[in-house]
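Chemist: Pasted the sequence and its predicted model underneath.
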Amino acid sequence: MMKKVVIVGGGWAGSAAALAARNTGCEVELFERADMLLGTGLVGGIMRNNGRFTATEEMIAMGGGELFEICDACARHKNIEFPGHKHASLYDVSTIEPAVRRALLEAGVKIHLMARINDVIVEDGKIIKVIAGVLHNDEEIEAYGDGFVDTSGTAGPQGNCMKYGNGCVMCIYRCPTFGPRFSIAAKAGVKEIIGEKADGTLGAMSGACKLLKDSLAPEVKEELERTGVCVIAVPRHLQKSMESLGQKACQQYALKEFAENIVLLDTGHAKLMSAYYPLELLRQIPGCANARFEDPYAGGIGNSMRYFGMLPRDNALQVQSLKNVFCAGEKAGLLVGHTEAIVTGTLAGHNAARLVLGLETIEISPELACGDAIAYVNEKMQTKAGLTKKYTFSGSVYFERMKNKNLYSTNVEEIKKKVTQTNMRGIFAERFD
């Protein structure tokens, strides 16, 4: 009988885990509480900037590059620069989700949308079954599995945004419609880890918001669509403080350029690189007199709060104290971004499949940026100081480490050679059936 891996959460990490597990030959079911896959990827869009280029090419060389190749195919702009960031690609948020969904379905992944997990059954330290309720009807789905991957994220429910943020801002998570996240590992008794900001308060705010492109001045829209980037100087009396940038999960954008300017990127929306921006101030900035928020809808007030539900795990991404559960994306720790979610999702899904097939799980070599990041973040999360920082291939603390350890490269052939030397070439493309 074919072994089955069950994925809970259909963001970038869950989608990557599903593909990786399915590519080994296992049966895969994926549960997503909302009506679309990708989660924050529905409003994200930035790929390949700074060290993410290296991580992307490492994953392609390791055989785990399908989602990166879909992002490349859906890119509106490639090889662009904006403050602090080089060689970025911007995928189109309006075309990416259908493309990813098609890839999963064509691979044979069984997808359950609007199916929120309500309970788990645990026996002898293993989850053996999840029970999901289907939104807006009384249907209940029971899914037995041999292995599980928790990619349910760390944002929401509304109570966290109310308590630690500026209230529910009607963001892409859509908690009022689809309900709060549900961590199968937490339900099975694992204590979740909460991230902190530098001032000791809990959680972190999503780092960008989206404007309706047609609400911007014609010259701003034209520049965005032509170049992918528009940087507009903010009059000094309207500038946000550097301290306000410390609220963000995306610390790679906590640069003075993002306080002194508004930085817009063309992802289909006009992506405003600020956690939020008071509308009455935004509309005083040249080119933004008629600006309107697309996500979150209350983007003049705040944004979603994240990093409330991480899991203790090893460097193979197996959850501590559970014998058959792995985690990825934000569940796996303070790694921020789509690239980071795909990396951890691929490893978690692959290892879940290896485990149920009776094979040894693997770790990505620490000689590669992907493996070093997973191990480094795990180490840092054991300390109080480490919990106040966020880590990403694209900037801030971890990108500096990448450069210092000579892990950052934009030479594709050099990256492939390094992956080969670590004996990881094509490892995620292996089938075991």
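Modeler: Alright, I've got the coordinates. The structure displayed is predicted, hence computed values, not measured ones.
Chemist: ok, then the element right after the helix or strand of the chain with the lowest mean pLDDT?
Modeler: Least confident helix or strand, the chain: helix 242-245 with a mean of 50, by mean pLDDT, DSSP states H and E. Toward the C-terminus, helix 242-245 is succeeded by helix 256-260 as the next helix or strand (DSSP states H and E).
Chemist: Can I get that next one in PDB, CA atoms only?
Modeler: Output of helix 256-260 as PDB, limited to C-alpha atoms (Å, rounded to 0.1, in the frame of the first residue of the first chain):
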ATOM      1  CA  LYS A 256      16.900  54.600   6.300                       C
ATOM      2  CA  GLU A 257      16.000  54.600   2.600                       C
ATOM      3  CA  PHE A 258      12.600  53.100   3.500                       C
ATOM      4  CA  ALA A 259      12.000  55.800   6.000                       C
ATOM      5  CA  GLU A 260      13.000  58.700   3.800                       C
END
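Chemist: tell me what it is packed against?
Modeler: helix 242-245 (3 or more CB pairs under 8 Å, 6 or more residues apart in numbering; DSSP states H and E). Glycine gets a C-beta too; all of them are placed from N, C-alpha and C.
Chemist: Quick one: end-to-end length of stretch 83-103, please.
Modeler: One end of stretch 83-103 sits 33 Å from the other (CA to CA, to the nearest Å).
Chemist: What residues of it count as buried?
Modeler: Neighbour-count burial for stretch 83-103 flags 84-85, 88-93, 96-97, 100-101, 103 (criterion: 16 or more other CB atoms under 10 Å).
Chemist: repeat for stretch 366-378
Modeler: Buried residues in stretch 366-378, counted by 16+ other CB under 10 Å: 366, 368-378.
Chemist: That stretch: how far from the chain's middle?
Modeler: How far stretch 366-378 lies from its chain's middle: 17 Å, per CA atoms, centre = their mean, to the nearest Å.
Chemist: got it, and stretch 424-433?
Modeler: 24 Å.
Chemist: What pairs with the helix or strand hosting residue 149, parallel or antiparallel?
Modeler: Using DSSP H and E, the element containing residue 149 is strand 147-150. If you go by DSSP bridges, strand 147-150 pairs up with strand 4-8 (parallel), strand 325-327 (parallel).
Chemist: And the helices in the stretch 51-200 of the chain, which stretches?
Modeler: 51-61, 66-73, 96-107, 158-164, 175-178, 184-187 (DSSP state H, counting those that start in this stretch).
Chemist: Next, format those helices as TSV and append distance to residue 230 and mean pLDDT.
Modeler: Output for these, formatted as TSV (distance: least, CB to CB, whole Å; pLDDT from 0 to 100):
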stretch	distance to residue 230	mean pLDDT
helix 51-61	22	98
helix 66-73	22	98
helix 96-107	21	98
helix 158-164	29	94
helix 175-178	32	94
helix 184-187	42	98
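Chemist: Residue 274: which of those is closest?
Modeler: Across the helices of the stretch 51-200 of the chain, residue 274 has its closest neighbour in helix 158-164 (17.3 Å, CB to CB).
Chemist: where does the nearest residue to residue 337 once chain neighbours are set aside land on pLDDT?
Modeler: Distance criterion CB to CB, 6 or more residues apart in numbering; nearest residue to residue 337, sequence neighbours excluded, is residue 392 at 5.1 Å. Here the pLDDT value assigned to residue 392 is 96.
Chemist: just checking, residue 392 touches residue 336?
Modeler: Yes: contact status for residue 392 versus residue 336: in contact at 4.5 Å, counting by CB atoms under 8 Å.
Chemist: and the residue nearest to residue 337, what are its bridge partners?
Modeler: Bridge pairing for residue 392 - DSSP bridges - gives residue 395.
Chemist: related to what we said a few turns ago, and among the strands paired with strand 147-150, the most buried is which?
Modeler: Sort the strands paired with strand 147-150 by mean neighbour count, taking mean count of other CB atoms under 10 Å, and strand 325-327 sits at the top with a mean of 33.
Chemist: right, and the helix or strand after that strand?
Modeler: Next element after strand 325-327 (DSSP H and E): helix 338-356.
Chemist: so what secondary structure elements neighbour that following helix?
Modeler: Counting contacts by 3+ CB pairs under 8 Å, 6+ apart, helix 338-356 packs against strand 4-8, helix 12-23, strand 46-47, helix 51-61, helix 66-73, strand 147-150, strand 325-327, helix 369-380.
Chemist: now those in TSV, with distance to residue 272?
Modeler: Formatted as TSV, those follow (distance: least, CB to CB, whole Å):
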stretch	distance to residue 272
strand 4-8	31
helix 12-23	21
strand 46-47	13
helix 51-61	20
helix 66-73	21
strand 147-150	31
strand 325-327	31
helix 369-380	27
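Chemist: which one of the ones you listed lies closest to residue 302?
Modeler: So among the helices and strands packed on helix 338-356, strand 46-47 is nearest, using CB to CB, at 21.0 Å.
Chemist: What is that closest one packed up against?
Modeler: By 3+ CB pairs under 8 Å, 6+ apart, strand 46-47 packs against helix 66-73, strand 85-91, helix 338-356.
Chemist: Quickly run through the sheet partners of that strand, with directions.
Modeler: strand 85-91 (antiparallel).
Chemist: Send over the partner strand as PDB, restricted to the C-alpha atoms.
Modeler: Below are the C-alpha coordinates for strand 85-91, written out as PDB (Å, rounded to 0.1, in the frame of the first residue of the first chain):
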ATOM      1  CA  HIS A  85      18.500  44.900  -2.900                       C
ATOM      2  CA  LYS A  86      20.000  43.600  -6.200                       C
ATOM      3  CA  HIS A  87      19.000  41.200  -9.000                       C
ATOM      4  CA  ALA A  88      15.400  40.800  -7.700                       C
ATOM      5  CA  SER A  89      12.500  39.200  -9.600                       C
ATOM      6  CA  LEU A  90       8.900  40.200  -9.000                       C
ATOM      7  CA  TYR A  91       6.300  37.600  -9.800                       C
END
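Chemist: Figure out how far it is from the centre of its chain.
Modeler: 16 Å.
Chemist: swap in stretch 16-28?
Modeler: With CA atoms, centre = their mean, you get 19 Å for stretch 16-28.
Chemist: got it, and stretch 33-50?
Modeler: Chain-centre distance of stretch 33-50: 7 Å, with CA atoms, centre = their mean.
Chemist: who's in contact with the nearest residue to residue 195 once chain neighbours are set aside?
Modeler: Distance criterion CB to CB, 6+ apart; nearest residue to residue 195, sequence neighbours excluded, is residue 307 at 3.4 Å. By CB atoms under 8 Å, 6 or more residues apart in numbering, residue 307 lies in contact with 154-155, 194-195, 203-204, 249, 330, 334, 390.
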